[in-house]
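Chemist: everything below, folded, please.
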Amino acid sequence: MLRKLAIAVLTTSLLSACGFQLRGDYLLDDKLQTLYVSSSDVHGELTRLVKLNLSHNQVKVLQHSAVDVPELRIVSDKLDRRTLSLFSNGQVAEYELIYSVQYYVRFAGEEARKFNFELYRDYQDDPNLALAKSRELALLLSEMRTAAADKILRDLARVQH
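Modeler: Residues are numbered from 1 along each chain as shown. Sure, this is the predicted structure:
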């Protein structure tokens with residue numbers, strides 16, 4: 001019993017000493033506890049995921065803008081691809097997917113703080129399995145949007161007002 005307790009304490013100490021943190025709960029600045037989220041694609045998947053993550057972190061997301069409430073504006077999110085390799089017949093064998101996100105945070109009476117980032121994933125294409133590959137691409141894009149929503153919250157946690 002004592003040995004298990006010692007191992008648990010040692011493990012906890014090592015994990016906290018190296019900076020390990022569980023993901024999912026972000027400590028946002030007090031000024032960001034109420035937030036208006038806007039987007040060029042109001043019903044887009046990234047916007048929905050960001051609002052959901054904010055709600056899970058006890059942030060009140062307003063439906064309409066207010067004068068004294070900070071605004072998170074998702075300016076754009078787009079998917080590009082770059083060819084990485086070709087089959088011997090000249091068809092594309094592998095792509096690199098590039099998911100780009102631009103957004104800003106604006107506090108009342110201040111200039112917007114702009115952020116942008118890109119996420120990368122490799123995707124192997126096979127024209128003989130078009131249906132399966134299109135489903136795989138949809139899953140990859142969904143995973144990239146989820147990662148982007150998490151990244152936006154991590155960035156918001158670093159914003160100090």
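Chemist: which residues touch V59?
Modeler: Each residue near V59 by Cβ atoms under 8 Å, 6 or more residues apart in numbering is listed here: 28, 32-35. Where C-beta positions appear, they are placed from N, C-alpha and C, glycine not excepted.
Chemist: can you pick the most crowded of those residues?
Modeler: For those, the largest neighbour count, defined by other Cβ atoms under 10 Å, is 22 neighbours, found at L32.
Chemist: could I get the phi/psi values of L129?
Modeler: The phi and psi values for L129, taken as degrees, to the nearest 10, are phi -120, psi 50.
Chemist: how much space between it and A138?
Modeler: Using Cβ to Cβ, to the nearest Å, L129 is found at 14 Å from A138.
Chemist: least confident secondary structure element in this structure?
Modeler: Between all helices and strands in the chain, the lowest mean by mean pLDDT, DSSP states H and E belongs to helix 2-17, at a mean of 76.
Chemist: flag every buried residue along the lengthiest helix in the chain.
Modeler: Counting residues, the longest helix found in the chain (DSSP state H) is helix 130-158. Residues of helix 130-158 classed as buried by neighbour count (16 or more other Cβ atoms under 10 Å): 137, 140-141, 144-145, 148-150, 152-153, 155-156.
Chemist: quick check: of those residues, which lies closest to Q58?
Modeler: Nearest to Q58 among the buried residues of helix 130-158: L153, at 12.2 Å, using Cβ to Cβ.
Chemist: and the helix or strand D80 falls within, C-alpha only, in CSV?
Modeler: In the assignment (DSSP states H and E), D80 maps to strand 71-86. The C-alpha atoms that make up strand 71-86 are tabulated as CSV, following Å, rounded to 0.1, in the frame of the first residue of the first chain:
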residue,chain,number,x,y,z
GLU,A,71,-15.1,39.7,-30.0
LEU,A,72,-13.5,36.6,-31.5
ARG,A,73,-13.8,36.9,-35.2
ILE,A,74,-12.9,33.9,-37.4
VAL,A,75,-11.9,35.6,-40.6
SER,A,76,-11.2,32.5,-42.7
ASP,A,77,-10.5,28.8,-42.7
LYS,A,78,-9.5,27.1,-45.8
LEU,A,79,-8.1,23.8,-47.0
ASP,A,80,-5.3,23.7,-49.6
ARG,A,81,-3.3,20.7,-50.8
ARG,A,82,0.1,20.2,-52.3
THR,A,83,1.2,17.2,-54.3
LEU,A,84,3.9,15.2,-52.5
SER,A,85,4.3,12.2,-54.8
LEU,A,86,3.0,10.6,-58.1
